[in-house]
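J.: Any chance you can model this:
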Amino acid sequence: MAEVKFTDLALKDLEEIATYISHESFHFASLQLQKIFQRTDILENFPFIGRIVPELKIRAVREIIEGNYRIIYKVISKEEIHVLTIHHSSRRLSRTYLKKISKKEK
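T.: Numbering: from 1, shown residues only. Reported below is the predicted structural model:
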C-alpha cells in the first residue's frame, strides 16, 4: 500500500479552491475538498489507475479526475505517491509548467 503525499503546491491549490468556492458556499467548498481527498484515497492501492498526463507522456506522471478538477500526481515508487497539483480543467495547463513541477518530485 502506497502513501499519498500532497506537495506544498497541491496544498496551496486546495486552499485556493476552498477559498474560491467558499465565496458562494462554505458547505460546497468543504464538500469539494472531501471529494478530492476521497478520490486520491484510491491511489494507495492502485497507483497506476489514472491516465498518463497527455501533455507530458511520462509513465510516472498521471492524473485522475474529480468533477472539474485534474488531480495530477507522480508515482515515486510502489510505496510513495506525490500529488503534484490540482488543476481546474477549464484553465490552460502548460507542458513547461508540468515538466517543472514533475522534476521537483523525485
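J.: Just say helix, strand or coil for Thr96.
T.: Three-state secondary structure (criterion: DSSP: H, G, I helix; E, B strand; the rest coil) places Thr96 in helix.
J.: What segments of this protein are helices?
T.: Residue ranges of the helices in the chain, as given by DSSP state H, are 8-22, 26-41, 95-104.
J.: in this structure, what residue sits furthest out from the centroid?
T.: Computed with CA atoms, centre = their mean, the maximum C-alpha offset from the centroid of the chain is found at Glu24, amounting to 23.1 Å.
J.: Tell me how far that one lies from Ile52.
T.: Distance check for Glu24 against Ile52: by CB to CB, to the nearest Å, it reads 34 Å. In this view, the C-beta of every residue, glycine as well, is placed from N, C-alpha and C.
J.: any weak-confidence spans in this structure?
T.: Counting by pLDDT under 70, the chain shows low-confidence ranges at 105-106.
J.: okay, which residue is most central for this protein?
T.: Computing the C-alpha centroid of the chain and ranking residues by CA atoms, centre = their mean puts Ile71 first, at 2.6 Å.
J.: Quickly note the distance from that one to His23.
T.: With the distance defined as CB to CB, Ile71 ends up 22 Å from His23.
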